[in-house]
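Asker: just to be clear, the model below is a prediction. Sequence and coordinates:
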Amino acid sequence: MHQGYYIVKENTKLTENVYRMVLAGDTAGIRPGQFIEIKIDGFFLRRPISVCDADEHTVTIIYKTVGEGTKALSLIKEGSLDVLTQLGNGYDLSVSGEAPVLIGGGVGVPPLYMTAKELIGQGKKVTVILGFNTKNEIFYEDEFRALGADVYVTTVDGSYGIKGFVTEALKETAYTYFYTCGPLPMLKSVYKNTVTEGQFSLEERMGCGFGACMGCSIETKAGKKRICKEGPVFRKEELAWED
């Protein structure tokens, strides 16, 4: 874990309630699938947000305004923020095989971007499936294509791409391994419909963000695990979702 002050370089609106923020500061050690926690003035708890991308000087996050804290965050256009980085265990990219598929739903899409970038950099043939409710919620389709990934978009209402859930596109995809992030019902559906091993990034309300408070624990086959510390990424074989 690293704590520091990061300069706000960008905070722009992508859709009606989804924003992209770029922060400049120390990015050493940040890996795909990890998250950061931001202190927002006037709010006691930090806000945990998945890392979308990072380079030598900046870290990019994409977040949805779902409460007063993230609404306040969306109004910040300049200045510096107190940020914790290098949180969580991230995705293990060494086990992907030659043709991994990345499956994201809604604000579960962002952590897959850096994952795709690194896998493509390793020479892997990457397929990305992005799931949204409707056309006007879609973001980052073009950015994934620009990386060189094969991209499929699903919408529940059929207003764009493949009609239905991400599993509709998954049926037509050949893959050696999977990485996924999104709402719990989507993740459980992916669990039931995937034919290989894979990794799940789970989302949960967090108190501290680094394992002290036990507030984000889940039951696994090996007992209780903390999403912020042992997660947010768990392997398929760890999860007790057979029922």
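Answerer: Okay, I see it.
Asker: only C-alpha atoms from now on, for both contacts and neighbour counts.
Answerer: OK.
Asker: how is this protein carved up into domains?
Answerer: Listed domain ranges for the chain are 2-87, 93-203 (source: automatic domain parsing).
Asker: now the end-to-end length of the longest one.
Answerer: When you say that, I think you mean domain 93-203. End-to-end span of domain 93-203 (Cα to Cα, to the nearest Å): 20 Å.
Asker: report the rounded mean pLDDT for that domain.
Answerer: Per-residue pLDDT values over domain 93-203 give a mean of 97.
Asker: please name the residues that touch Ile76.
Answerer: Val8, Asn11 (Cα atoms under 8 Å, 6 or more residues apart in numbering).
Asker: helix, strand or coil for it?
Answerer: Three-state call for Ile76 (DSSP: H, G, I helix; E, B strand; the rest coil): coil.
Asker: and it, how far from Thr127?
Answerer: For Ile76, the distance to Thr127 - Cα to Cα - is 34 Å.
Asker: now Ile36
Answerer: 26 Å.
Asker: also Ile227?
Answerer: For Ile227, the distance to Thr127 - Cα to Cα - is 26 Å.
Asker: just Arg235 next, same as before
Answerer: Arg235 is 19 Å from Thr127, by Cα to Cα.
Asker: now the domains of the chain in a markdown table, with distance to Gly223?
Answerer: Shown next, in a markdown table, are the domains of the chain (distance: least, Cα to Cα, whole Å):
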| stretch | distance to Gly223 |
| --- | --- |
| domain 2-87 | 21 |
| domain 93-203 | 16 |
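Asker: grab the most central residue of this protein for me.
Answerer: Pro111 (3.0 Å; Cα atoms, centre = their mean).
Asker: residues making contact with stretch 166-178?
Answerer: 95-105, 129-131, 152-154, 162, 186, 189-190, 193-194, 196-199.
Asker: helices - which of the residues you listed land there?
Answerer: Those of the contacts of stretch 166-178 mapping onto helices are Met186, Ser189, Val190, Asn193, per DSSP state H.
Asker: the strand of greatest length in the chain: what's the following helix or strand?
Answerer: Looking across the chain with DSSP state E, the single longest strand is strand 2-13. Sequence-wise, the next helix or strand downstream of strand 2-13 (DSSP states H and E) is strand 18-24.
Asker: against which helices or strands is that next one packed?
Answerer: strand 2-13, strand 58-64 (3 or more Cα pairs under 8 Å, 6 or more residues apart in numbering; DSSP states H and E).
Asker: adjacent strands (with direction) for the last one?
Answerer: Same thing as strand 58-64. strand 18-24 (antiparallel), strand 47-54 (antiparallel) (DSSP bridges).
Asker: go on, the first one?
Answerer: The sheet places strand 2-13 alongside strand 18-24 (antiparallel), strand 80-87 (antiparallel), with pairing taken from DSSP bridges.
Asker: just checking: what are the partner strands of the helix or strand following the first one?
Answerer: Spelled out, it's strand 18-24. Counting by DSSP H and E, the element after strand 18-24 in chain order, helix or strand, is strand 35-39. In the sheet, strand 35-39 lines up against strand 47-54 (antiparallel), strand 80-87 (antiparallel) (DSSP bridges).
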